[in-house]
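With the input below, show me the fold.
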Amino acid sequence: MRHCLPALVLTASLATAFDATATEAVPPLPQLKAYTVHESWLQPIEPFRIADRTWYIGTAGLSALLVKTGEGAVLIDGGMPQAADMLLANMAKAGVKPSEVKYILHSHAHADHVGPLAAVQRATGAMLVSNAESAVLLARGGSDDIHFGDDLLYPPTQAGRIVMDGEVVELGGIRFQAHFTPAHTPGSTSWTWTDNRDDQPLRIAYADSVSTPGYRLLDNPRYPHIVDDYRRGYAVMRALPCDLLITPHPGGSGWTPQDADNRLPKPMSCADYANTAENAFDEAIAKQRDAESR
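Numbering: from 1, shown residues only. Below you'll find the model as predicted:
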């Protein structure tokens, strides 16, 4: 009995504490917040041809590209998670069967660009190509993101091939070269390839996003070299072979995909894209530095 007494006393104390807590006004647990986006990101449009083999099959506000070759097709990015059926339907409109998609490439591993890739991969059997940084995030379905935590979740998927900076993925004579451009996420990748238009070679650059949406740029404990990586990303983008620039958010490079009569009213070079972004980056750093000094 003597050995049991302390436990009985402890239990009574805990019960008293719980009773006291129960009488206090305790706020409820927070609601889950859905990832809501601009309507244009979810607005389907008719797929259209950009060059002889390259098609736009995304929405008005999020790019997804399909490149057709004699040995199959390549999908680059997909948009939001709910876009899978739309992508498959648009592939069919472009004359591509699901089984003909051989590779899936991507820019960066956020839900608004890779969200439907798991579903598309299941439907097509295509190999997902990524890099080491993005492959980890893809396998986690976007969880524990350096900047967004668990806010941007999507169905997880596994990369079947990991590429290095400068490596080429080739299919049917088209060479897709990976360029590591970590100016949005550590795994951000831009892709370049050469198509033809009007019987002339056309060097296409799919340059990744370059924005800093609320990112901590100074003394970031989870990303100590974020500023250096952004600078490196901008430098790489300036040097891309770039007759035609396309970006994951088409408006960022002057595109209005929904306007069939004038889809590229404000053409932008890769250098202009990088320079504009770096100027905004410098302003963001200056604002954060000024806020810290107050």
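
can you pull the pLDDT of A7?
For A7, the model assigns a pLDDT of 41.

likewise the one 10 residues further on?
A17 carries a pLDDT score of 48 in this model.

do the one 3 residues further on as well
At A20 the predicted local distance difference test score is 49.

now swap in S293 and tell me
On pLDDT, S293 comes in at 88.

Name the residues of stretch 171-190 that are buried.
171, 174, 176-190 (16 or more other Cβ atoms under 10 Å). Bear in mind the C-beta positions are built from the backbone N, C-alpha and C, glycine included.

first vs last residue of it, how far apart are they?
Its first and final residues considered, stretch 171-190 spans 18 Å by Cα to Cα, to the nearest Å.

and it, what's its mean pLDDT?
98.

go on, stretch 99-112?
The predicted model assigns stretch 99-112 a mean pLDDT of 98.

Output that stretch in PDB, but only the C-alpha positions, please.
What follows is stretch 99-112 as a C-alpha-only set of coordinates in PDB (Å, rounded to 0.1, in the frame of the first residue of the first chain):
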ATOM      1  CA  SER A  99       0.700   4.600 -73.600                       C
ATOM      2  CA  GLU A 100       2.700   6.800 -76.000                       C
ATOM      3  CA  VAL A 101       3.800   9.100 -73.200                       C
ATOM      4  CA  LYS A 102       7.300   7.900 -72.300                       C
ATOM      5  CA  TYR A 103       8.700  10.600 -70.000                       C
ATOM      6  CA  ILE A 104       7.400  13.100 -67.600                       C
ATOM      7  CA  LEU A 105       9.600  16.100 -66.800                       C
ATOM      8  CA  HIS A 106       8.900  18.900 -64.400                       C
ATOM      9  CA  SER A 107      10.100  22.400 -63.300                       C
ATOM     10  CA  HIS A 108       9.800  22.500 -59.500                       C
ATOM     11  CA  ALA A 109       7.900  20.200 -57.100                       C
ATOM     12  CA  HIS A 110       5.100  22.400 -55.900                       C
ATOM     13  CA  ALA A 111       1.500  21.300 -56.100                       C
ATOM     14  CA  ASP A 112       0.500  23.800 -58.800                       C
END
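
Could you pull out the buried residues of it?
101-112.

Please flag which of those residues sit within strands.
Among these, DSSP state E puts 101-105 in strands.

Quick check: buried residues in stretch 83-99?
Across stretch 83-99, burial judged by 16+ other Cβ under 10 Å covers 83-84, 86-88, 90-91, 96, 98.

So V67, which state does it fall into?
strand (DSSP: H, G, I helix; E, B strand; the rest coil).

in the sheet, who's paired with the closest residue to it other than its chain neighbours?
Of all residues not flanking V67 in the chain, V74 sits nearest, at 4.6 Å (Cβ to Cβ, 6 or more residues apart in numbering). Using DSSP bridges, the beta-bridge partners of V74 come out as V67, Y103.

and V74, what pLDDT?
99.

from memory it sits against F176, does it?
Yes. Between V74 and F176 there is a contact at 6.6 Å, judged by Cβ atoms under 8 Å.

so what sits against both of the two?
By Cβ atoms under 8 Å, 6 or more residues apart in numbering, V74 and F176 have these common neighbours: 67, 103, 105, 169.

for the stretch 101-250 of the chain, what spans make up the strands?
101-105, 127-130, 161-162, 168-171, 174-180, 189-197, 200-206, 244-246 (DSSP state E, counting those that start in this stretch).

Distance to V136 added to the ones you listed, as JSON lines?
Listed next are these as JSON lines, based on distance: least, Cβ to Cβ, whole Å:
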{"stretch": "strand 101-105", "distance to V136": "17"}
{"stretch": "strand 127-130", "distance to V136": "9"}
{"stretch": "strand 161-162", "distance to V136": "10"}
{"stretch": "strand 168-171", "distance to V136": "20"}
{"stretch": "strand 174-180", "distance to V136": "15"}
{"stretch": "strand 189-197", "distance to V136": "14"}
{"stretch": "strand 200-206", "distance to V136": "22"}
{"stretch": "strand 244-246", "distance to V136": "26"}
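
And these: which comes nearest N220?
Closest to N220 of the strands of the stretch 101-250 of the chain, according to Cβ to Cβ: strand 174-180, at 19.2 Å.

and the angle for that closest one with strand 200-206?
Angle, strand 174-180 to strand 200-206, by axes from the mean of the first three to the mean of the last three Cα atoms, to 10 degrees: 30 degrees.

Can you give the contact residues for strand 174-180?
Taking Cβ under 8 Å, 6+ apart as the rule, strand 174-180 contacts 53, 67, 69, 74, 103, 105, 131, 163-170, 188-195, 233, 236-237, 240.
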